[in-house]
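> Here's a sequence, model it:
(4 chains, ligands or ions: 2)
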Amino acid sequence: MNNYDLEKTANLFPCLSRGEEKMIYFDNAATTQKPTVVIDSIADFYTNGYSNIHRSAHNLGFRATQRYENSRGVIRQFISARESDEIIFTSGATESINLVANSFGKNIVNKNDIILVSEIEHHSNMLPWQQLAKEKGAKVKNIPLNKDLTIDVESMKKVLNDSVKLVVVHHLSNVTGIMQDIKEIVGVFQELGIPVFVDGAQAPAHIRVDVKDLNCDFYCFSGHKAFGPTGTGVLFVKEEFVKKMSPYKMGGQMVSRASLISPEWADPPLKFEAGTPNISGIIGLSAAIQFIEDVGMEKITIYEKRLTEYMLEELSQIPELIIYGGQKKAAPIFSFNVDGVHHSDISTLLSENNILVRSGHLCNQGLMNYLNIDGCVRVSLAFYNKLDEIDQFIVVLKKILSFLNK
Amino acid sequence: MNNYDLEKTANLFPCLSRGEEKMIYFDNAATTQKPTVVIDSIADFYTNGYSNIHRSAHNLGFRATQRYENSRGVIRQFISARESDEIIFTSGATESINLVANSFGKNIVNKNDIILVSEIEHHSNMLPWQQLAKEKGAKVKNIPLNKDLTIDVESMKKVLNDSVKLVVVHHLSNVTGIMQDIKEIVGVFQELGIPVFVDGAQAPAHIRVDVKDLNCDFYCFSGHKAFGPTGTGVLFVKEEFVKKMSPYKMGGQMVSRASLISPEWADPPLKFEAGTPNISGIIGLSAAIQFIEDVGMEKITIYEKRLTEYMLEELSQIPELIIYGGQKKAAPIFSFNVDGVHHSDISTLLSENNILVRSGHLCNQGLMNYLNIDGCVRVSLAFYNKLDEIDQFIVVLKKILSFLNK
Amino acid sequence: MEGEAKKIISEFSFLSSWEEKYEHLISMGQEMPQLDNSLKIEKNLLRGCQSKVWIVCKYNAGKLYFYADSDALITRGIVALVVRLYSGATPQEIINTKLNVFSKIGLQDHLSMNRVNGLNIMIQKINRHAVKCLNDE
Amino acid sequence: MEGEAKKIISEFSFLSSWEEKYEHLISMGQEMPQLDNSLKIEKNLLRGCQSKVWIVCKYNAGKLYFYADSDALITRGIVALVVRLYSGATPQEIINTKLNVFSKIGLQDHLSMNRVNGLNIMIQKINRHAVKCLNDE
Ligand SMILES: Cc1ncc(COP(=O)(O)O)c(C=O)c1O
Ligand SMILES: Cc1ncc(COP(=O)(O)O)c(C=O)c1O
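Ligands and ions are numbered 1, 2, ... in the order given. Sure thing, here's the model as predicted:
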């Protein structure tokens, strides 16, 4: 195990320091950069032991299977799941959500039932549930929110009734970095036997995720937002529910009894991993998770708190700037607008100055509607970002604003 | 563009020559090894220009988008599709097939309709259609076969009627390497306006695929079986059909009008690529395809013909050996049993001797049933395999057989 | 079209810093007549841009004329540039000409000519309109 | 169990080539009494192995006994080894003991102890049975 110096971790991400032009990468909520250990682990797998998995009778295949299945153990431990069988590998958060909507949602949601969804979800955590509701003649109902964009648990209790079959909520907002109190929310529904699905896409790069403690029934995230490869995703499903789920994709690797007239599915998680999975990606993801643990999740969270506070202080010096979601951020994700200036002009000129951010609806039209805006600028940091990058960003932002206001 | 010497290409695949123990990799129908250019292209992307794609306002994102979209062009050209928009990226052949079953099949197959499927398909190209039929109250009917395991077109014409809504067939068998005459089959159905889906998972590593010439409506394959990364797949859909398909997964990147009450989908292919795709994988896949073209698909096919003939000759010297699928192979894929010996014993002992093959039902229970066997040994070669590896294999196989027959 | 393209490229060639280039682009946007509010409607809105872009095409005596607007300053500048390039050309000219003005004014890389600023979508729309005009004739 | 494990490890320690080791494994399989055909039924078949493996568990006077068979030579050897290890042990013993005999007889890497030869599945089944016996008591 390595023990990294947090202040120097940026050096371990080659893309951050490539070439001459210095770039400030503040688009981490879209995707995170990859440390060398992740890039190397993929290359190592293809170079030193590549094979397909599960059904091979040879050692190469056996060892590849071990690496793949060990990754399941690494992820299990990372999010404190009880059993490795509760960890399903997917191609990303989006596929994880679609999988649950299809394999579980379809079995438990019927006509006139209600799916409770916060209205400020990412499109990937909104459209699949709307589609499910449409197919089943069910309804998607909003979960009431507090002013600070957290879920209003007391009001929520009041909208509860027998028709509610599933609750869907994000853990950490991709727009504001605000965290929902999943534990409290689960507490309400647990008693009623209503399962809670948590979209944790933004969480594992910033905070310790403990699904046992959160006590949610489903939790998902994408590898690429947690320093891992693209094309990888994780879906945690509590054991009691994983057994109630129908298969999602059909194909090789997921049949145990190869009668095609009445096929018998393999046990979970393989039942949900039809076809050849993204083996190299999953191996790379486990290297990423190992890397996070080596840096230290707790150190990351503390350091990011400093980044967050500093950025908020600096942004509050710009009077025309409206920042969304208030002060209580669990991650350094900041979305804002500047009075009289279009968000796309700001992001274009920041990019011109090699500061990479994002603007627009951020795939969260629900939150845009809620805030009554058509878009905003999002600046999102990771633990490899530095205080002096914030300084430079603020200088450039002020210059841009005065340029645009001329 | 490089011009590789076919005889020396094995050196470009690091996993084939790693370590001291010499391995003979004859499990290429399960997955192929990766050339250095593919491994490097992934590392290069993460090292020198990693970003999310499509929605980013910055140059890094713009360039990543270009690389991703250029890959679509490379694939289009590789399989001679007319338009890049006809190329949908997926996570693998299995996902491609499930996508078509869900996004297209569900729209055109109704109660009592018939889906014609050859009974010798890989599980990934069988189960999704059976599931579709089950959901819709439709029927899966077998396509008649000739003795040599090719489709019996004349008999097939006789089972045709108005209820047939879709035809499903493989291009190159994963068990026998026998090729179906897609062009002739499509010719029959084209006139009747019945779409033809082709599972080409095994083809692009061995033969030139030209979807314009085949004239099929759907064609799919996996990147990892064509020297590309895991977690990548291709789905070709003829333009007239791509427009008739509903979305498969729901999520980010695939909405153009971000109204959530009645969302408007992006144009194809993005409509079918919800969420963050396997960007690095797709870039690696295009490096693999470029590599194949540089080696020369035509040269590969000719060389593999020699491998095939030589292997068949050698195997025919072993009298107790029953080889399935006859002589007319389009790829060096050989499945066999030896009288009185269990296939799993053979593959275990081959592996013991560092010759990597596969045994069992090969995810093709349909063909096993058709042949009335419970499994077999499969030996599958790629263009980096050599004649002297065949010699060594034959020596070891004979030794094993005499050991097991003692 | 070619002539106008050359003129634009030459205008930008005298500017070096991003401030100067964007200032010129923005002022081009400001000089363009605003689209009447009655035309800033759903139907004229381009899909898939981050800022709003409205575009109206008119076909008159064999030539195509474009009127457009945007709610963002820089996008408005790009819109103005596109209008300068294409307005007044014949459908055939538009279909035949592939312009690479943007790569020549030193903003290609910077403008991220993708969905964000809607450049591709704008040019696509213009091309489609040109094809339609030809087919209708 | 521990004693039997030690004995097996010692038997294999005298063998060096794969031929010798597999010969011993296979002969172990051949020495094991065949399962009666009436027991080679669907219900006793293990799921997920490449060769057929049947296993029957009997619980008698606090101890578990296993009877098994396979249609493949090598798998039959593995089955015999497992039966030798576990048969006659108490449920508690089975649950408490984690054996790594296979890595010690020099066949771990070679046997690819995954689904193919069904070793994991066999041991899982034996463990589940042991748990069940304890719960039923
Ligand atoms: C003919 C055929 N179809 C489909 C598949 C499934 O491919 P994948 O596992 O890459 O999704 C395979 C792979 O074995 C195959 O050989
Ligand atoms: C909260 C949230 N959910 C879901 C997603 C979808 O993730 P992916 O595109 O990796 O599938 C994102 C990514 O932007 C997100 O931020």
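
> So is stretch A:222-235 next to ligand 1?
No - Stretch A:222-235 is not in contact with ligand 1 by CB under 6 Å from any ligand atom; minimum separation 13.1 Å. Yep, even glycine has a C-beta here, placed from its N, CA and C like the rest.

> so how far is that stretch from its chain's centroid?
Chain-centre distance of stretch A:222-235: 8 Å, with CA atoms, centre = their mean, to the nearest Å.

> Just the CA atoms of it, as CSV, please.
What follows is stretch A:222-235, C-alpha atoms only, in CSV (Å, rounded to 0.1, in the frame of the first residue of the first chain):
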residue,chain,number,x,y,z
SER,A,222,-20.0,5.6,-12.4
GLY,A,223,-16.3,4.6,-12.5
HIS,A,224,-15.3,7.5,-14.6
LYS,A,225,-16.4,10.1,-12.0
ALA,A,226,-14.3,8.3,-9.4
PHE,A,227,-10.9,8.4,-11.2
GLY,A,228,-11.6,5.1,-12.9
PRO,A,229,-12.1,4.2,-16.6
THR,A,230,-15.0,5.1,-18.8
GLY,A,231,-17.5,2.3,-19.5
THR,A,232,-17.6,1.1,-15.9
GLY,A,233,-20.4,1.4,-13.4
VAL,A,234,-21.4,-0.1,-10.1
LEU,A,235,-24.8,-1.0,-8.8
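
> pLDDT on that stretch, on average?
In this model, stretch A:222-235 has a mean pLDDT of 98.

> is it fair to say A:V377 lies in a helix?
No - assigned with DSSP: H, G, I helix; E, B strand; the rest coil, A:V377 falls outside any helix and is strand.

> Run a quick neighbour tally on C:K58.
11 (other CB atoms under 10 Å in any protein chain shown).

> pLDDT weak spots in the chain?
All of this refers to chain A. Scanning chain A with the threshold set as pLDDT under 70 gives A:1-2, A:19-20, A:257-261.

> The intended chain is chain C.
Scanning chain C for pLDDT under 70 picks out the ranges C:106-117, C:137.

> what's the neighbour count on C:V131?
C:V131: 13 neighbours (other CB under 10 Å).

> mind checking which helix or strand the residue nearest to it when sequence neighbours are not counted is in?
Nearest residue to C:V131 in three dimensions, chain neighbours excluded: C:I95, at 6.5 Å (CB to CB, 6 or more residues apart in numbering or on different chains). Per DSSP states H and E, C:I95 falls inside helix C:91-96.

> At the geometric centre of chain C, which residue sits there?
Against the mean C-alpha coordinate of chain C, by CA atoms, centre = their mean, the closest residue is C:V82 at 1.9 Å.

> tell me which element it falls in.
helix C:73-86.

> got the residues of chain A near chain C?
Residues of chain A lying near chain C by CB under 8 Å from any CB of the partner chain: A:342-345, A:347-349, A:351-353, A:359-360, A:374-375, A:403-404.

> let's go with 6 Å and repeat that
Within chain A, the residues that sit near chain C (CB under 6 Å from any CB of the partner chain) are A:H342, A:S344, A:D345, A:T348, A:E352, A:G360.

> ok, residue 63 - contacts?
No chain in the question, so chain A it is. The neighbours of A:R63, taking CB atoms under 6 Å, 6 or more residues apart in numbering or on different chains as the test, are A:G49.

> oops, I was thinking of chain C
Neighbouring residues of C:K63 by CB under 6 Å, 6+ apart: C:G88, C:T90.

> just to revisit the earlier point, identify the residues contacting the residue nearest to the centre of chain C.
Residues in contact with C:V82 (CB under 6 Å, 6+ apart) are C:M122.

> For ligand 1, see how far away it is.
Here C:V82 is placed at a distance of 43 Å from ligand 1 (CB to the nearest ligand atom, to the nearest Å).

> hmm, which two among the residues of chain A next to chain C are most spread apart?
Farthest pair in these (CB to CB) is A:E352 and A:G360. Separation: 17.1 Å.

> When these two are compared, which one has more neighbours?
Per other CB under 10 Å, whichever of A:E352 and A:G360 has more neighbours is A:G360, with 25 against 22.

> partners of the more buried one in the sheet?
A:G360 has these beta-bridge partners by DSSP bridges: A:C376.

> can you count the residues close to the residue lying closest to C:W54 once chain neighbours are set aside?
Take C:W54 and drop its neighbours on the chain: the residue closest to it by CB to CB, 6+ apart is C:N44, 4.4 Å away. By other CB under 10 Å, 16 other residues sit near C:N44.
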